[in-house]
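In: One predicted model, sequence on top.
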Amino acid sequence: MANNNPIRIGHGFDLHRLEPGHDLVVGGIRLEHDRGCDAHSDGDVVYHAVTDAVLGALAKPDIGQLFPDNDPRWKAADSRVFVEEATRQMREAGYAIGNVDVTVILQRPKLGPHKMTVRENLAGLLGCEVEQVNVKGKTHEHVDSLGENRSIACHVVALLVRT
Ligand code: MG
């Protein structure tokens, strides 16, 4: 990479509609719920936002450019493949994860009991320690689509360090 900065920061955001009759997959875990994501892939907002945070830090094309939602190859895809590709590009560019901070906005169900598993899943995919990955859960105070349990969103900040 022409720009040889010792650190690079990236931000990722994703949102999906929640509809009855779909699975709810969050950070690689299928949560028990009465609805889930109506999305082209498995609709995992955490994996999608993490992918974009890493790609964004590298100033590379984003998840929508790499994996178009009209491409049948990514129909119902396990979103771990997106994080794996971002990790591959990160390593190729000579960077590793410094730390990643994830905020999931979901009215129901509670994310708390699953946070550690999500952190472990992300650390495994990103090739770092669990201590370098944080996951926070927020409700949306019952307002707007997020608070009315009609959508789920995720914000991620990722710091990459030169290897
Ligand atoms: Mg998405």
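Out: Structure's in. What do you need?
In: L24 is in contact with D38, isn't it?
Out: No: here L24 does not reach D38: they are 10.8 Å apart, not a contact under C-beta atoms under 8 Å. (C-beta placed from N, C-alpha, C; glycine too.)
In: okay, these two: which has more neighbours?
Out: Ranked by neighbour count (other C-beta atoms under 10 Å), L24 and D38 place L24 first, with 23 against 13.
In: Per-residue confidence at that one, what does it come out as?
Out: L24 is assigned a pLDDT of 96 by the prediction.
In: Please identify the nearest residue in space to it, excluding sequence neighbours.
Out: Nearest residue to L24 in three dimensions, chain neighbours excluded: G36, at 3.8 Å (C-beta to C-beta, 6 or more residues apart in numbering).
In: How many neighbouring residues does V135 have?
Out: Neighbours of V135 (other C-beta under 10 Å): 24.
In: And for N5?
Out: Using other C-beta under 10 Å: N5 sits among 12 other residues.
In: May I have the phi/psi pair for it?
Out: phi -50, psi 140 (degrees, to the nearest 10).
In: hey, what's in contact with both of L24 and D38?
Out: Common contacts of L24 and D38, defined by C-beta atoms under 8 Å, 6 or more residues apart in numbering, comprise L18.
In: what number of residues lie near the residue of the chain at minimum distance from the ion?
Out: Here the chain gets closest to the ion at one residue, H48, 3.6 Å apart by C-beta to the ion. Residues near H48, counting by other C-beta under 10 Å, number 27.
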